[in-house]
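Asks: got a sequence here, can you build the structure:
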Amino acid sequence: RLRESTDATRRMRTAVVALCCLAGASAFTAPAPSLFRAASAASVPSLRHGAAAGARMMADDMSPTDKAKQLAGYKAVDDHVESGMTVGLGTGSTAYFAVERVGQKLKSGELKDIMCIPTSERTREQAESLDIPLCTLNERSNLDVAIDGADAVDPDYALVKGGGGALLREKMVEVMAKKFVCIVDDSKLCKGLGPSFALPVEIVPFCSEHTMRTIAELPELKGCKAVIRTGDCSNNKVEEGKPPAVTDNGNYIVDLSFDAPIADVNAAAAALKKTVGVVEHGIFEGMTYQVIVAFADGTTRTAGQGGEAAWWS
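Replies: Below you'll find the predicted structure:
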């Protein structure tokens with residue numbers, strides 16, 4: 001009897017273990033309850049957007065500056081992008097939100113039949129993650145609008161761009177747009193280009209030290225201090241012990257810092273363009289259609305065509 005009782009107990013334990021295994025397997029294969037799915041969709045950002053994008057999607061966690069950047073980026077898309085357009089997508093922390101907005105409006109159906117041209121590999125990757133249709137200037141040379149940020153904006157709407165290392169592609173795309181809309185937070189406004197943000201200049205790697213010295217000696221750039229950007233190309237700093245930063249085009253960047261505003265922005269741009277070894281510079285003059293400025297209090301102001309005169313002169 002004892003043996004029969006023991007055998008029965010073993011058979012019962014085996015049955016219980018089997019049932020537990022089946023239950024565990026079903027937990028992995030059965031669909032999640034609708035409540036869980038809804039909570040997950042609302043609280044967990046898609047892995048395709050990456051951790052950084054997911055963090056930005058949580059507005060409550062954004063700094064006032066990032067909220068202002070988002071406001072400017074969203075407004076630019078809402079005001080200027082329509083179905084059927086060819087749109088230039090900028091690069092950087094403010095342009096990120098414009099790209100995000102284009103993706104949102106395509107997904108909702110508010111925008112249809114648009115084609116976008118990215119200005120960097122980073123922007124291309126973000127746009128692809130949002131299923132935004134892309135092409136290059138090879139397929140479409142004329143754009144309806146381009147939207148991008150800036151590192152500095154003077155009262156004549158001349159810009160310094162290139163802090164993120166994409167200045168060549170940005171200028172190639174944005175100069176072909178009927179409207180180039182610049183989006184910034186108010187910290188980027190300045191009375192003169194130079195002191196507030198170093199001017200990037202993209203140069204060929206061959207004899208880069210020579211080209212840097214040649215640039216620094218230009219009379220039109222008198223007073224500048226020139227350094228070759230090292231480490232991460234999207235970070236306009238010199239990272240000690242790191243090799244020169246390399247752009248998407250395989251070039252180097254020289255950053256020019258100034259204690260006083262550049263005396264003649266157009267002359268400086270022309271002198272840089274004539275310098276052998278210089279591929280492109282970060283002065284964007286005579287290109288800006290409109291500047292959308294966002295503030296930490298949640299308001300915006302628009303300068304340029306269709307807006308008011310520059311108020312920070």
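Asks: wait, Cys182 sits on Gly149?
Replies: Yes. Taking contacts as C-beta atoms under 8 Å, Cys182 lies within contact range of Gly149: 7.1 Å. The way it works is simple: take the backbone N, C-alpha and C, and place the C-beta from them, glycine included.
Asks: which strand in this protein has the most residues?
Replies: Criterion DSSP state E: the longest strand present in the chain is strand 177-185.
Asks: and that strand, what's buried?
Replies: For strand 177-185, a neighbour-count test (16 or more other C-beta atoms under 10 Å) marks 177, 179-185 as buried.
Asks: same check, this time on stretch 296-308
Replies: So stretch 296-308, judged by 16+ other C-beta under 10 Å, has buried residues 300, 302-304.
Asks: mind putting those in a markdown table, distance to Pro195 included?
Replies: As requested, the buried residues of stretch 296-308 are exported to a markdown table (distance: C-beta to C-beta, whole Å):
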| residue | distance to Pro195 |
| --- | --- |
| Thr300 | 25 |
| Thr302 | 25 |
| Ala303 | 21 |
| Gly304 | 23 |
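Asks: Val173: which of the residues you listed is nearest?
Replies: Gly304 (19.0 Å; C-beta to C-beta).
Asks: separation between the closest one and Cys135?
Replies: 27 Å (C-beta to C-beta, to the nearest Å).
Asks: who are the packing partners of the longest strand of the chain?
Replies: Secondary-structure packing of strand 177-185 (3 or more C-beta pairs under 8 Å, 6 or more residues apart in numbering; DSSP states H and E): helix 64-80, strand 143-148, strand 290-294.
Asks: could I get the full set of helices for this protein?
Replies: Remark: helices assigned in the chain by DSSP state H are 2-29, 34-43, 50-57, 64-80, 95-108, 121-129, 167-174, 208-216, 265-274.
Asks: need the least confident one among these, by mean pLDDT.
Replies: For the helices of the chain, the weakest mean pLDDT is recorded on helix 34-43, namely a mean of 30.
Asks: now do the contacts for the spatially closest residue to Lys225 that is not a sequence neighbour.
Replies: Excluding the flanking residues, the one nearest Lys225 by C-beta to C-beta, 6 or more residues apart in numbering is Ser257, at 4.9 Å. By C-beta atoms under 8 Å, 6 or more residues apart in numbering, the residues touching Ser257 are 194, 198-199, 224-225, 227.
Asks: same check, this time on Pro195
Replies: Residues near Pro195 by C-beta under 8 Å, 6+ apart: 258-261.
Asks: buried subset of the contacts of Ser257?
Replies: Members of the contacts of Ser257 classed as buried by 16+ other C-beta under 10 Å are 194, 198-199, 224, 227.
Asks: any chance of these in a markdown table with distance to Lys273 as columns?
Replies: Formatted as a markdown table, the buried ones among the contacts of Ser257 follow (distance: C-beta to C-beta, whole Å):
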| residue | distance to Lys273 |
| --- | --- |
| Gly194 | 18 |
| Ala198 | 18 |
| Leu199 | 13 |
| Cys224 | 16 |
| Val227 | 21 |
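Asks: which of these fall within strands?
Replies: Residues from the buried ones among the contacts of Ser257 lying in strands, with DSSP E as the criterion: 199, 227.
Asks: pLDDT wise, what is Ser313 at?
Replies: Ser313 is assigned 88 on the pLDDT scale.
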